[in-house]
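> Sharing a sequence plus its predicted fold:
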Amino acid sequence: MTKRALCLGINDYPYKDLDLKGCVNDAMAWAELLIQHFDFPRSNVKILTNAHATKKKIMAALKDLLAKASAGDVLVFTNSSHGTYLPDKDGDEDRYDEAICPYDVEDHVVVDDELRELFADLPQGVKLTVISDSCYSGTVTRIIIPRDRRCRFLNPSLRGVRELRNAIRAKPNRYQKYPESTMKELLISACSDIEYSYEAHIGNAHHGALTYFALEAIRSANYQITYADLIASVKKKMVEYGFPQHPQLEGKTEKKHQQIFV
């Protein structure tokens, strides 16, 4: 059995006033957790941050992560960055594609369809966990952000991409064509598809709310916790601390009740 991980964190973006503060901390924290408590060899944990996290390098690193994977292997991909959306190719304003914003977001995004194509070839018996601490929001309305909290959503209009007129009612194609029962990966996302995700100064550093509360729950459980119990704990903390986002756990039912990262 081999354990490998890719941890992505991007604070620096080529847009004024859109830099983030907690994404690199998130990437480092996930990497150290996997190395120190889940027996991931340090040499098998790759970290990409800021200018090193271009789309080309992200896709290459993901392909390396998946390469030669075989039954019993445990793979983890964590992403902390801005998120955005794109209208789907046929121009239907009621539907959209979700996307990760790499460092070179002016020219490129990593669309959910691209990730799904990569994961589709995952061999039977390989355990892949994807943790996305970024916005996959369908709404373009500005909201008031509480002090010291910042939204991880990049409005597509900044890239010259058409906004959806009524994005909050949009339904992503992924749910209609690709139900959870067909997913080979297990996905933990920071919020629902019509919400923003946030970062803030929590504890003694800036982190994404999902990452901070997930790490806290894992430590409190002495590193023995299922994915289902983890997401339930994180949801309670979101309510307690007043973060208006609802983390999601997606994938096959049996995988949701397995121990994390084993």
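Done, it's in.
> drop to CA atoms for contacts and neighbour counts, all remaining ones
Will do.
> Let's check: the centremost residue of this protein is which one?
Ser132 (0.9 Å; C-alpha atoms, centre = their mean).
> Toward the C-terminus from the helix or strand where it lies, list the very next helix or strand.
Assigned by DSSP states H and E, Ser132 belongs to strand 127-133. Where DSSP H and E defines the elements, the next helix or strand beyond strand 127-133 is strand 149-151.
> All the helices of the stretch 51-200 of the chain, residue numbers only.
55-66, 112-120, 173-177 (DSSP state H, counting those that start in this stretch).
> ranking the ones you listed by burial, who's on top?
Of these, the one with the most neighbours on average (mean count of other C-alpha atoms under 10 Å) is helix 55-66, at a mean of 16.
> what pLDDT, on average, does that one get?
On average, the pLDDT along helix 55-66 is 98.
> Show the contacting residues for the residue nearest to the centre of the chain.
By C-alpha atoms under 8 Å, 6 or more residues apart in numbering, Ser132 lies in contact with Thr78, Asn79, Ser80, Leu187, Ile188, Ser189, Ala190.
> these two touch, right, Gln245 and Ser189?
No. Applying C-alpha atoms under 8 Å, one finds Gln245 not in contact with Ser189, separated by 10.3 Å.
> Name the residue in those two with the higher neighbour count.
Taking neighbours as other C-alpha atoms under 10 Å, Gln245 and Ser189 compare with Ser189 leading, 24 against 21.
> ranking the contacts of Ser132 by neighbours, who comes first?
Among these, Ser80 has the most neighbours (other C-alpha under 10 Å), with 32 neighbours.
> Mind listing the residues bridging to that residue?
Going by DSSP bridges, Ser80 is paired in beta bridges with Gly9, Asp133.
> ok, back up a step: farthest-separated two in the contacts of Ser132?
Ser80 and Leu187 (13.7 Å; C-alpha to C-alpha).
> could you pull out the strands for the chain?
Counting by DSSP state E, one finds strands in the chain at the ranges 3-9, 45-49, 74-80, 83-87, 96-100, 110-111, 127-133, 149-151, 185-189, 198-202, 205-208, 248-250.
> what does the second one rub up against?
Read that as strand 45-49. For strand 45-49, using C-alpha under 8 Å, 6+ apart, the contacting residues are 4-11, 24, 27-28, 31, 35, 58.
> relative to helix 55-66, how tilted is that strand?
170 degrees (axes from the mean of the first three to the mean of the last three C-alpha atoms, to 10 degrees).
> buried set for strand 45-49?
Counting neighbours by 16 or more other C-alpha atoms under 10 Å, one finds that the buried residues in strand 45-49 are Val45, Lys46, Ile47, Leu48, Thr49.
> pLDDT weak spots in the stretch 1-150 of the chain?
Within the stretch 1-150 of the chain, the stretches with pLDDT under 70 are 88-95, 136-148.
> sorry, back to before: for Asp113, see how far away the residue nearest to the centre of the chain is.
15 Å (C-alpha to C-alpha, to the nearest Å).
> which non-adjacent residue is nearest Phe253?
Just to correct that, residue 253 is Thr rather than Phe. Ser181 (7.7 Å; C-alpha to C-alpha, 6 or more residues apart in numbering).
> Hmm, the one you found is touching Gly251, no?
Yes. If you go by C-alpha under 8 Å, Ser181 and Gly251 touch, sitting 6.4 Å apart.
> And those two? Which one has more around it.
With neighbours defined as other C-alpha under 10 Å, Ser181 and Gly251 compare such that Gly251 has more, 18 against 11.
> Show the model's pLDDT score for the more buried one.
95.
> Pro156 now?
pLDDT, read off for Pro156, is 72.
> which residues of the stretch 151-262 of the chain score low on pLDDT?
157-178.
> Val74 and Arg152: what is the separation?
With C-alpha to C-alpha as the criterion, Val74 and Arg152 are 28 Å apart.
> Between the two, tell me which one has more neighbours.
Comparing Val74 with Arg152 by neighbour count (other C-alpha under 10 Å), the higher total belongs to Arg152, at 26 against 20.
> The more buried one contacts Asn79, doesn't it?
No. Using C-alpha under 8 Å, Arg152 is not in contact with Asn79, being 11.7 Å away.
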